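> I'll drop the sequence and a predicted model, then ask my questions.
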Amino acid sequence: MSADKKPSIVSLFSIVLPVVVAAVFGVGIAGQLGYFEPQRSTAVADPPTVTVPAGPFEFRDYGEFYKNGFAVDGPMVRGKTSMALVVMKFQVTEGEYRRCVEAGKCPDVAAVHVHGDAYPVTGVSFDDAQAYARWLSTETGKVWNLPTHEQIAIAAATKFPDDALGLDPDSRNPALRWLADYDRETRRKAESDPVPKAIGHFGENDFGLADFAGNVWEWTTTCHRRVDLAGQWSSTLSTCGIYVTVGQHRSPMSSFVRDPKTGGCSVGAPPANLGFRLVRDDRWYADLLKRLRDRGIVS
Amino acid sequence: MSNQIQMTRRSILAGAAFAGAIAPLVTASVASANETIVEAKVTQADISTLERVKLELVKPPFVHAHSQKAEGGPKIYEVTLTIEEKKIVVDDAGTEVHAMTFDGSVPGPMIVVHQDDYVEVTLVNPDTNELQHNIDFHSATGGLGGGALTIVNPGEKAVMRFKATKSGVFVYHCAPPGMVPWHVTSGMNGAIMVLPRDGLKDAKGNELVYDRAYYVGEQDFYVPRDAEGNYKKYESNGEAYADVLEVMKTLTPSHIVFNGAVGALTGDNALKAKVGEKVLILHSQANRDTRPHLIGGHGDYVWATGKFVNPPDLDQETWFIPGGTAGAAFYTFHQPGIYAYVNHNLIEAFEKGAAAHFKVEGEWNNDLMTAIVTPNSH
């Protein structure tokens, strides 16, 4: 027997087999993620957008803030974005939304909310808006989503509302805040004309974003939350299923609500109309992320 | 010998003495049984000597200035009510109602007098109106509450005087022959408060003196809808009548509002009070049952059916006012903040408009209520 070992040649089979298995596995995953579905021709043009350049931002934080058991104003949030943000210039219009309805991918809007093709679509719930975002993404081949609260705050810039009341955070009379809230809601209701107007009516901000804080409150994907500021660290409780809508003020709304209204006890002025606009995710992996999200593989 | 009573001079004198002795007892017992009637019997000649006071009425929910205890003797209060048929908007969506009103408001204005006063009502129907009207005071006696004596066509006026014999808060409304429910559900109703001459008292006779009074008039409207479910608009009352009648017959109002419109007593028009203030809330519903409730408060002293000779119910959470009645609730506010004063059929309050708000200022009382653990994650 010869003493020297044969040099261990990695068998071709032992390389090829795992590579093939990995390839087949990859193809299978890609198939599951829908990469082999026939690509629809992009029949729907991209809606007009504005690009918000990267840079510093500042907005009043959202949610219910408590200190020592009493409701207080939220803090200002300051930061800097490192990426540009692409947002629809206008809110999604009735004409645009109707194409999704005709394609059978979106629920129709109640007749009372129909004003004209060039009007922002109103009477739509969070769920309706998500359905439209999915449909538009498929049609344009790009990734469109409802904005997060932070994204819309950055895009809205100076038009973003600051709904702090400016009351003494150490006051132990909860009624002071209730009364101040009530007066503020009364002013808001008096100032707002609830009848929807054609897009462009409420003007643009510095970035060219149109009609923000007009009389349409826009859905975001940010869940409503309650933050307790007491103690050494704050604790946050998010309530998903209730999302923050933004317009002249922030108004948390249940995801299925299409038509906000006020009742006997709820003494605040609700949004006049619910509508939405979308942001486009241009990251290279955005499409993959969307496919993973749509299939529930990641959240 | 006859059985005749000997009519001697002595027996006559003795009889007279006896009669004189028991007379005070007899008249005393008669008087205590009929005290008020005996006191209040004023002859026609006496009425002309009574002081006349012209009342300047104010728009609801406010109540004109008045004394809670009567000053001096019974008076004649002169009240002029001018009928105005007008189109009103009853909700934020611009829904219209062709209303019929006393003095231009739904409800009509609150009138305050005292028991045994006379109320001389001048009812004016200007020729700008289209319809015949009259007025029925639930506080009056006879003549269909005054309706029989006050039927006025456009261009006419009538003057009728009634005596406010019973203390309490009462509905008044228009009731023209053949059209009664239509006029009432078009807004043509209000209320009159007849205070006891020595003011409000509880069962023990303690005085109940209020710092302010509000009048909430609850109104059911019956607005027709078209085939798509939108509220219809009409050019005139006459045009609307047939459709409105059909909706009325369903007994289901399209709107149930306080002070004439959804949200009329909210926001800038919310009712105001302060901690420690005693507030009298007068509430009328000329057509339909209601059950007022003050969210966050109570009815400390409640005359649910509004008649002050009855002792008030104490510490009520919600009280029942039958349609066609006015009630009164007396409450001292103990906490600041926002209260909702509602018809506690909450569908009627939230969906139809039967809600008002109170804004109350003052110090918070932690003994009455405090948050031990505010909502947080666990």
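On my side now, so go ahead.
> what pLDDT does the residue of the stretch 51-200 of chain B found nearest chain A get?
Among the residues of the stretch 51-200 of chain B, B:Asp92 lies nearest to chain A; the distance is 7.0 Å by CB to the nearest CB. C-betas here are computed from N, CA, C, even on glycine. pLDDT recorded at B:Asp92 is 88.
> just give me the neighbour total for it.
Neighbour count of B:Asp92, defined by other CB atoms under 10 Å in any protein chain shown: 15.
> what is the three-state secondary structure of it?
Per DSSP: H, G, I helix; E, B strand; the rest coil, the secondary structure class of B:Asp92 is coil.
> tell me if I'm right that it and B:Val262 touch.
Yes. Counting by CB atoms under 8 Å, B:Asp92 does reach B:Val262; the two are 6.6 Å apart.
> using PDB, write out every CA atom in stretch B:129-140.
The C-alpha trace of stretch B:129-140 is given here as PDB (Å, rounded to 0.1, in the frame of the first residue of the first chain):
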ATOM      1  CA  ASN B 129     -96.300  84.000   6.600                       C
ATOM      2  CA  GLU B 130     -98.300  81.500   4.600                       C
ATOM      3  CA  LEU B 131    -100.100  79.500   7.300                       C
ATOM      4  CA  GLN B 132    -102.700  79.900  10.000                       C
ATOM      5  CA  HIS B 133    -101.400  79.500  13.600                       C
ATOM      6  CA  ASN B 134    -102.500  79.600  17.200                       C
ATOM      7  CA  ILE B 135    -101.000  78.900  20.600                       C
ATOM      8  CA  ASP B 136    -101.900  76.300  23.300                       C
ATOM      9  CA  PHE B 137    -100.400  76.900  26.800                       C
ATOM     10  CA  HIS B 138    -100.300  73.700  28.800                       C
ATOM     11  CA  SER B 139    -100.300  76.000  31.900                       C
ATOM     12  CA  ALA B 140    -103.700  77.500  30.900                       C
END
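> what comes up buried for it?
Across stretch B:129-140, burial judged by 16 or more other CB atoms under 10 Å in any protein chain shown covers B:129, B:131-140.
> tell me the pLDDT of the residue nearest to the spatial centre of chain B.
For chain B, the residue sitting closest to the mean C-alpha position, by CA atoms, centre = their mean, is B:Ala191 at 3.2 Å. pLDDT for B:Ala191: 98.
> now do the buried residues in the helix or strand that contains it.
B:Ala191 belongs to strand B:189-195 when assigned by DSSP states H and E. Neighbour-count burial for strand B:189-195, counted by 16+ other CB under 10 Å, picks out B:189-195.
> how about the residues of the stretch 1-150 of chain A by chain B?
A:66, A:69-70, A:111-112 (CB under 8 Å from any CB of the partner chain).
> buried subset of these as a PyMOL selection?
In PyMOL syntax, the buried subset of these is picked out as below (16+ other CB under 10 Å):
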select buried, chain A and resi 66+69+70
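> narrow the buried residues of stretch B:129-140 to those in strands?
Among the buried residues of stretch B:129-140, the residues falling in strands (DSSP state E) are B:136-137.
> can you add pLDDT and give the buried residues of stretch B:129-140 back as a markdown table?
Output for the buried residues of stretch B:129-140, formatted as a markdown table (pLDDT from 0 to 100):
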| residue | pLDDT |
| --- | --- |
| B:Asn129 | 97 |
| B:Leu131 | 97 |
| B:Gln132 | 97 |
| B:His133 | 98 |
| B:Asn134 | 97 |
| B:Ile135 | 98 |
| B:Asp136 | 98 |
| B:Phe137 | 98 |
| B:His138 | 98 |
| B:Ser139 | 98 |
| B:Ala140 | 98 |
